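Novice: okay, structure incoming, though there's no sequence with it:
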């Protein structure tokens, strides 16, 4: 009996794997599959100690499990350093996550002084410079003390060569200015602090998200005093060329597009989201409409025209729905029917904002939090189909409406920074 159960369990795993990886020749794109060269530069000095170094290794393994490893996907290298750097794992030596993790677990603690600058230079010379892949290059420096050599100029040179540097400081002996000198800007995105090595597990998810943003979200959107990683969907779908009429939003400096039924706002998803979407993101749109039927403000379709992700406005029931992928049954639809949702249907300008995480989705209307609902675990998206805006649900007919903004921000913290100044 046990053998029969095991057989069916294995069969289910194989079927699920096939379902996740391909559908009619399509491949799901996500952070797991986004190609990048990622190097961890780990402090192995005396101040770390062997017990804490084992915690570092466990943290490293937990981060790595989130990615597909191989020539077409992410490649991971590891440098440990003290007085001198040691190449523990070269880039491109593993074609499976399991083999890579086994080698990570076998790394031995060095002990010695802290020469972080030399380690960054070593990673540049012996890993990144030797990689033949022209793609995202990321280094994560983890240290618990002030470097005993120069780091500022070496880190600046690495950044100049298109290497994105994260700096993680552990404990009370770290120097904030040194971490900021190592990392990319803004420091709020690329520098992290934890009080001790046990606490490092608390930043596992945020580091995973940030690494994902680097490989999946290559473009930046100008927002206020800073640029945010994300996707301007109006730009990605060529709305400026396709929609000729512009309108001024009253009492503001914002301009919008008047979309008519004669316009087709569609684009291949691989041209808009070539590596899929990050696990957490913020969807923002500002629009007005008179439509009384059900229509998709934004949707990503698979090759067979099934919605993978969609923001749907139901004019009959005066509700808003969010569709996304699901590990359990392919797709999941979350409907928001709170009384405040009805304000979207007053024919005025409104901002819709959705904070999407791995566990829940929260709806905001005009910067007011409306409702939070749970999500099942999601899958990556198929990128061989179309991304569209302003379509009647289940049809190719374009809705007549006005649109000022339609964006995806990859950093979920942008949810706290976003304003509604375009709303009169």
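Specialist: In hand now; what should we look at? Only a predicted model underlies this, so the values are computations on that prediction, with no experimental measurement involved. Numbers count the residues shown, from 1 in each chain.
Novice: in what helix or strand does the residue most central in space within the chain lie?
Specialist: By CA atoms, centre = their mean, the chain has its centre lying nearest to residue 278, at 2.6 Å. Using DSSP states H and E, no element contains residue 278; it sits outside every helix and strand.
Novice: how about the one 4 residues further on?
Specialist: Residue 282 is located in strand 281-289, with elements delineated by DSSP H and E.
Novice: tell me which other helices or strands that strand touches.
Specialist: Judged by 3 or more CB pairs under 8 Å, 6 or more residues apart in numbering; DSSP states H and E, the packing partners of strand 281-289 are strand 294-301, strand 307-314, strand 350-356, strand 401-409. No exception for glycine: its C-beta is placed from N, CA and C like everyone else's.
Novice: residue 49 versus residue 196, what's the distance?
Specialist: As judged by CB to CB, to the nearest Å, residue 196 and residue 49 stand 11 Å apart.
Novice: which of the two has more residues huddled nearby?
Specialist: Each of residue 196 and residue 49 has its neighbours counted (other CB atoms under 10 Å); residue 49 has more, 15 against 12.
Novice: could I get the helices and strands packed on strand 281-289 as a markdown table with mean pLDDT, distance to residue 211 and mean neighbour count?
Specialist: Putting the helices and strands packed on strand 281-289 into a markdown table (pLDDT from 0 to 100; distance: least, CB to CB, whole Å; neighbours: other CB atoms under 10 Å) gives the following:
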| stretch | mean pLDDT | distance to residue 211 | mean neighbour count |
| --- | --- | --- | --- |
| strand 294-301 | 98 | 23 | 23 |
| strand 307-314 | 97 | 22 | 21 |
| strand 350-356 | 97 | 18 | 22 |
| strand 401-409 | 96 | 17 | 22 |
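Novice: tell me which of the ones you listed lies nearest to residue 60.
Specialist: Judged by CB to CB, the one of these that comes nearest to residue 60 is strand 350-356, at 27.4 Å.
Novice: okay, the angle between the helix or strand harbouring residue 332 and strand 350-356?
Specialist: Using DSSP H and E, residue 332 sits in strand 330-336. Strand 330-336 and strand 350-356 are oriented at 130 degrees to each other (axes from the mean of the first three to the mean of the last three CA atoms, to 10 degrees).
Novice: can you name every helix or strand that strand 330-336 contacts?
Specialist: strand 319-326, strand 368-374.
Novice: same thing but at 10 Å, please
Specialist: Packing partners of strand 330-336 (3 or more CB pairs under 10 Å, 6 or more residues apart in numbering; DSSP states H and E): strand 307-314, strand 319-326, strand 350-356, strand 360-365, strand 368-374.
Novice: coming back round to it: what's the overlap in contacts for residue 196 and residue 49?
Specialist: Residues touching both residue 196 and residue 49 by CB atoms under 10 Å, 6 or more residues apart in numbering: 55, 144.
Novice: re the thing from before, any chance of the helices and strands packed on strand 330-336 in CSV, plus distance to residue 135?
Specialist: Shown next, in CSV, are those (distance: least, CB to CB, whole Å):
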stretch, distance to residue 135
strand 307-314, 25
strand 319-326, 25
strand 350-356, 26
strand 360-365, 30
strand 368-374, 35
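Novice: out of these, nearest to residue 392?
Specialist: Across those, closest to residue 392 is strand 307-314 (CB to CB), at 10.2 Å.
Novice: which strands border the closest one, and is each parallel or antiparallel?
Specialist: Strand 307-314 sits in its sheet next to strand 294-301 (antiparallel), strand 319-326 (antiparallel), going by DSSP bridges.
Novice: pLDDT score assigned to the closest residue to residue 186 other than its chain neighbours?
Specialist: Nearest non-adjacent residue to residue 186, counting by CB to CB, 6 or more residues apart in numbering: residue 226, 6.3 Å away. We have a pLDDT of 70 for residue 226.
Novice: specify the beta-bridge partners of residue 226.
Specialist: residue 223.
Novice: which strand or helix spans residue 178?
Specialist: Here residue 178 sits within helix 176-182, counting by DSSP H and E.
Novice: other SSEs contacting that helix?
Specialist: Judged by 3+ CB pairs under 10 Å, 6+ apart, helix 176-182 is in contact with helix 116-123, strand 136-143, helix 152-160, strand 163-170, helix 187-190, strand 191-194.
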